[in-house]
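J.: give me a 3D structure for the following:
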Amino acid sequence: MAQVTNNSDRTPIGLPNGVLVAPQQTVEVKGWDKVKGHKVIAYYLKHGILTVEGESQKAPSGGDDKDELLAKLKALGIDAGKNSGIESLQKRLAEAEAKAKEDAIAKLKEKGIEVGDDVTLEELQAELAKHP
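T.: Prediction:
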């Protein structure tokens, strides 16, 4: 089960499955795999308004299925075709996550906030949400 945090200071966020996440609160969300692909939720994730911990992890062999890869790419603002192969999607996702991480680090540095290269994209997005 995923732990979803609303990083907003004022606005509660209603998820498509009916769960309401109050500002600065974290809730457990059942069926997150279905919810995270929603266009608005993907936008919130991309911009750090929502952050997620404890997503169900796949086997260490990197066994992301195609739907998960497409949802992750969509959350990063990339619309990949459903006819793309898994290897191609994995490559595009790695490139998109690296670019998003670089962009987030650059934005934080512009705001005078120094961060190391060892932080995750989710941590960077959460930090950006704290400093609009």
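J.: how about the strands of the chain, start to end?
T.: With DSSP state E applied, the chain shows strands at 2-6, 13-14, 20-21, 26-29, 50-53, listed in chain order.
J.: any buried residues in the first one, and which?
T.: Meaning strand 2-6. Buried residues in strand 2-6, counted by 16 or more other Cβ atoms under 10 Å: 2, 4-6. For glycine as for every other residue, the C-beta is placed from the backbone atoms N, C-alpha and C.
J.: ok, the most centrally placed residue in the chain to residue 82 distance?
T.: Compute the mean C-alpha point of the chain, and by Cα atoms, centre = their mean the closest residue is residue 45, 4.1 Å away. Look at residue 45 and residue 82: by Cβ to Cβ, to the nearest Å, they are 20 Å apart.
J.: gap between the two ends of stretch 69-81?
T.: As for stretch 69-81, its first-to-last residue distance stands at 11 Å under the measure Cα to Cα, to the nearest Å.
J.: that one: which residues count as buried?
T.: Neighbour-count burial for stretch 69-81, with 16+ other Cβ under 10 Å as criterion, is recorded at 69-76, 78, 80.
J.: from the residues you listed, which ones fall inside helices?
T.: Using DSSP state H, the members of the buried residues of stretch 69-81 that fall in helices are 69-75.
J.: pLDDT (mean, whole number) over whichever helix in the chain runs longest?
T.: In the chain, ranked by residue count with DSSP H as the criterion, the top helix is helix 86-110. Over the span of helix 86-110, the pLDDT mean works out to 88.
J.: chain center to that helix: distance?
T.: Using Cα atoms, centre = their mean, to the nearest Å, the mean C-alpha position of helix 86-110 is found 11 Å from that of the whole chain.
J.: what's it packed up against?
T.: When contacts are defined as 3 or more Cβ pairs under 8 Å, 6 or more residues apart in numbering; DSSP states H and E, helix 86-110 packs onto helix 66-75, helix 121-130.
J.: now do the contacts for the residue located most distally from the centre of the chain.
T.: The centre of the chain is farthest from one residue, residue 112, which by Cα atoms, centre = their mean lies 23.6 Å away. Residues in contact with residue 112 (Cβ atoms under 8 Å, 6 or more residues apart in numbering): none are found.
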